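J.: Model the structure of this input:
(2 chains)
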Amino acid sequence: MRLVKKLLPWFFLLFAATLTAQPAPAAPDAPTIAQLQQHIADAKGSADNAWMLMCSALVLLMTGPGLALFYGGLVRKKNVLGTMMQSFAMMALITVVWAIIGYSLCFGSGNGFIGGVEHAFLHAVGAAPDADYATTIPQQTFMIYQLMFAIITPALICGAFAERMKFSAMLLFMTLWSLIVYAPMAHMVWGKGGFLNASLGGRFPTLDFAGGTVVHITSGLSALICALYLGRRVGFPKEAMPPHSVVLSFIGACLLWVGWFGFNAGSALNAGSLATSAFIATHFAAATAAIGWAGAEWIRNGKPSVLGAISGSVAGLVAITPAAGFVRPMSALLIGLIAGVFCYVMVAVVKAHLGYDDSLDAFGVHGAGGTIGALLTGVFASSLVNPVFKDARGHVLPVGMIEGNFRQLGNQAIGVLIAIVLAVVGTSLILMVVNFTIGLRVSTEEEAQGLDLTQHGEEGYYWEASMP
Amino acid sequence: MTKLEAVIQPARFEAVKDALIEIGVEGMTVIEVRGHGRQKGHTEFYRGREYIVDLLPKVKIEAVIPDAMVDKAVTTITEAARTGKIGDGKIFLSRIDDAVRIRNDERGENAL
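T.: As a prediction, the model looks like this:
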């Protein structure tokens, strides 16, 4: 310490000397400014790219292990592996479909309804950004991020036909579904020239920040059609079919919640303040939806269940998905609460009343939650969060109904309607094709034995009394 | 010789086991089972669907004991297993003709 005190004045002297010794700063010449601007752009690009790669990984985490565990826990013991494999298979299969043609059909130029083939086999998808989608990240990053959406969307449908669909039929169905239902919907809402694209001049601008229509309504409605077309599981609804492990489902739902930050906040496509806003909206809606669902149960059955709380949080995450980048935190709280109660009623009351076997409630959560979320986006969207509409002179226009733009609710309804029609028609056609070629359902005996043994030759919980 | 089969609440198992060992019961076989008597079951809700769970988890203790010990063993089990509520379980007694110790061919009560 004493040494430092002794030397301190000398340091000051030295510092002063260097200051005076420096030549007077010359005016920076033009190339230097250009270089600096380039450095700033590079730094921002690197930051955005780091965030988007992280988000891509988070969205993949939603499918495996998130959704695989969530769904795996809800089925009976004999189907746990078969159900997890359905999610996992999407991670492999859709990746290949995406690389060959899927990305191009979603994000190529094309027309208002489907993308072109200019990016088939990822042709011309490189390090340069595609300025129409994201100006600061490589198009390759945008491509891999969007792939993770294309993976989880069909995986969500698996909840409707759980415990009774042939694995081969599922693979064929999902390949066709990814091209016939997902690609057109993604292109219409997010693609260049898309019919519903809000930021790139669509005919009916539908606000869908992270996939309420593209992901949740398409998968949810397709799930309902699958449940109706395949029919009920043998023994439903007489036989008890409770979840074999709510513990697995719990872990899965918590991973979904975390992964959803990548899904929604990442949909800002950069690491700026809009990502923060979407992150907060996402979290808030999940929280109030868990309260809404579990609370409704508490009132109706006398007890708030764990499965109810986690199902509620997923319903809230679904509902906030289209709204995440457009609404303020207090609106997000409200959207979540409405979605939690609404989805509970759809699952516990409406489903029981109508009697279809949407085994893991893919329609009740994703179809219903996605629809209510897409409509509420038109109500609560705020130009303070995201000034998405501007007039010719650049003035910010009102966005949602709360700001006086009543037309937006109509546009949202058109987006919802198109998603529903596309999902219902597309899925029905694909189901017929698969049923008449290789058949959809496992045999009654195979269903009784379970998918694990009959489709994969394994057991999730291998157990013998004599094992040491 | 008498075979004693006691179906009890899983929560009381440790107490019953310790009490039986204390009075000199040499061996027992324990099985985790499900069942119900007059207790019936309870209701569970999964996403609004109601499931009536009528087979509840129980523990079944089997022990073969010398006849002289039967009364004492029964009292011991009832005292250790009783909570006073419905669903405490039952004890069944039956006669055993013979027993064989596999290690050395001992027969009858010597084999216990």
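J.: can you pull the contacts of the closest residue to chain A within chain B?
T.: When distances are taken as CB to the nearest CB, chain B reaches nearest to chain A at B:Gly48, 2.3 Å away. Using the backbone N, CA and C atoms, a C-beta is placed for each residue, glycine as well. By CB atoms under 8 Å, 6 or more residues apart in numbering or on different chains, B:Gly48 lies in contact with A:Glu297, A:Arg300, A:Asn301, A:Tyr344, A:Val347, A:Ala348, A:Val349, A:Ala352.
J.: Could you do A:Val117 as well?
T.: So A:Val117 contacts A:Ile101, A:Ser104, A:Leu105, A:Gly108 (CB under 8 Å, 6+ apart).
J.: I'd like to know which of these is nearest to chain B.
T.: A:Leu105 (35.7 Å).
J.: secondary structure element for residue 105?
T.: I'll assume chain A. helix A:103-107 (DSSP states H and E).
J.: Run through the neighbouring helices and strands of the next helix or strand after that helix.
T.: Later in the chain than helix A:103-107, the nearest helix or strand by DSSP H and E is helix A:139-157. Contacts defined by 3 or more CB pairs under 8 Å, 6 or more residues apart in numbering or on different chains; DSSP states H and E place helix A:139-157 against helix A:30-61, helix A:80-97, helix A:103-107, helix A:167-177, helix A:183-190, helix A:218-230.
J.: Figure out which of the ones you listed is closest to chain B.
T.: helix A:218-230 (14.6 Å).
J.: Alongside chain B, which residues does the stretch 201-350 of chain A contribute?
T.: A:237, A:240, A:242-243, A:297, A:300-301, A:303, A:305, A:307-308, A:311, A:344, A:347-349 (CB under 8 Å from any CB of the partner chain).
J.: Show me the shaky parts of the chain.
T.: In the absence of a named chain, this looks at chain A. A:1-5, A:7-9, A:11-28, A:464-468 (pLDDT under 70).
J.: Switch to chain B, please.
T.: B:39.
J.: Helices of that one, residue ranges please.
T.: Under the criterion DSSP state H, chain B contains helices at B:13-22, B:70-81.
J.: need the ones you listed in CSV with mean neighbour count and distance to A:Ala50, can you?
T.: Formatted as CSV, the helices of chain B follow (neighbours: other CB atoms under 10 Å in any protein chain shown; distance: least, CB to CB, whole Å):
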stretch, mean neighbour count, distance to A:Ala50
helix B:13-22, 16, 55
helix B:70-81, 16, 63
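J.: Let me have those in a markdown table, extended by distance to A:Ala290.
T.: What follows is these, written out as a markdown table (distance: least, CB to CB, whole Å):
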| stretch | distance to A:Ala290 |
| --- | --- |
| helix B:13-22 | 37 |
| helix B:70-81 | 41 |
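J.: can you redo those helices as a markdown table with distance to chain A?
T.: Converted to a markdown table, those look like this (distance: least, CB to the nearest CB, whole Å):
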| stretch | distance to chain A |
| --- | --- |
| helix B:13-22 | 19 |
| helix B:70-81 | 26 |
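J.: ok, residue 112 - contacts?
T.: Defaulting to chain A. Listed by CB under 8 Å, 6+ apart, the contact partners of A:Gly112 are A:Met188, A:Gly193, A:Gly194, A:Phe195, A:Gly202, A:Arg203.
J.: could you do chain B instead?
T.: B:Met1, B:Glu26, B:Gly27, B:Val64, B:Ile65, B:Pro66, B:Ala99.
J.: switch to 10 Å and redo it
T.: Neighbour list for B:Leu112: B:1, B:25-27, B:63-66, B:69, B:96, B:99, B:101, B:106 [criterion: CB atoms under 10 Å, 6 or more residues apart in numbering or on different chains].
J.: Any quick ChimeraX command for the buried ones out of these?
T.: Filtering those down to the buried ones (16 or more other CB atoms under 10 Å in any protein chain shown) takes a single ChimeraX command:
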select /B:1,25,63,64,65,69
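J.: Am I right that A:Ala268 is in contact with A:Trp51?
T.: Yes: here A:Ala268 reaches A:Trp51: they are 8.9 Å apart, a contact under CB atoms under 10 Å.
J.: Those two: who's more crowded?
T.: A:Ala268 (25 against 21; other CB atoms under 10 Å in any protein chain shown).
J.: what separates the more buried one from A:Gly211, distance-wise?
T.: Between A:Ala268 and A:Gly211 the distance is 13 Å, computed by CB to CB, to the nearest Å.
J.: Give me the common contacts of the two.
T.: In contact with both A:Ala268 and A:Gly211: A:Ala324, using CB under 10 Å, 6+ apart.
J.: and the residue lying closest to A:Ala47 once chain neighbours are set aside, which of the three is it?
T.: Among residues not flanking A:Ala47 along the chain, A:Ala271 sits closest, at 5.2 Å (CB to CB, 6 or more residues apart in numbering or on different chains). Assigned by DSSP: H, G, I helix; E, B strand; the rest coil, the conformation of A:Ala271 is coil.
J.: Count the residues that sit near A:Ala271.
T.: A:Ala271 has 22 neighbours, counted by other CB under 10 Å.
J.: Verify the contact between it and A:Cys55 for me.
T.: Yes: counting by CB under 10 Å, A:Cys55 is a contact partner of A:Ala271 at 9.3 Å.
J.: Spit out the residues that contact the two alike.
T.: A:Ala265.
J.: mind checking how far the residue of chain A found nearest chain B is from A:Arg393?
T.: Per CB to the nearest CB, A:Ala348 is where chain A lies closest to chain B, at 2.3 Å. To A:Arg393, A:Ala348 is 51 Å away according to CB to CB.
J.: Neighbour count for the two, which is higher?
T.: A:Ala348 (25 against 5).
J.: Report the backbone C-alpha coordinates of stretch A:231-239 in CSV.
T.: What follows is stretch A:231-239, C-alpha atoms only, in CSV (Å, rounded to 0.1, in the frame of the first residue of the first chain):
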residue,chain,number,x,y,z
GLY,A,231,-61.5,-42.3,-34.5
ARG,A,232,-61.2,-42.9,-30.8
ARG,A,233,-58.7,-45.2,-29.1
VAL,A,234,-60.0,-48.6,-28.3
GLY,A,235,-61.8,-48.4,-25.0
PHE,A,236,-62.3,-44.6,-25.0
PRO,A,237,-64.0,-43.0,-23.1
LYS,A,238,-65.2,-46.0,-20.9
GLU,A,239,-61.7,-47.2,-20.0
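J.: now B:Met28, nearest residue through space, not along the chain?
T.: B:Ala63 (4.2 Å).
J.: Next: A:Gly404.
T.: Counting by CB to CB, 6+ apart, the residue nearest A:Gly404 is A:Pro398, at 4.9 Å.
J.: Could I get the contacting residues of the one you found?
T.: A:Pro398 touches A:Ala381, A:Ser382, A:Ser383, A:Pro387, A:Phe389, A:Gly404, A:Asn405, A:Phe406, A:Arg407, A:Gln408, counting by CB under 10 Å, 6+ apart.
J.: let's go with 8 Å and repeat that
T.: A:Ser383, A:Phe389, A:Gly404, A:Asn405.
J.: Secondary structure of A:Met432: a helix, I assume?
T.: Yes: assessed with three-state DSSP, A:Met432 lies in a helix.
J.: Can you give me the neighbour number for it?
T.: 12.
J.: measure it to A:Ile225 for me?
T.: 11 Å.
J.: all strands for chain B, in order.
T.: Applying DSSP state E to chain B gives strands spanning B:2-8, B:29-35, B:42-46, B:49-53, B:56-65, B:89-95.
J.: one step back: bridging residues for the residue nearest to B:Met28?
T.: B:Leu4 (DSSP bridges).
J.: tell me the contacts of it?
T.: B:Lys3, B:Leu4, B:Leu20, B:Val25, B:Gly27, B:Met28, B:Thr29, B:Ala73.
J.: Any residues of chain B in contact with chain A? List them.
T.: B:Glu44, B:Phe45, B:Tyr46, B:Arg47, B:Gly48, B:Arg49, B:Tyr51, B:Ile52.
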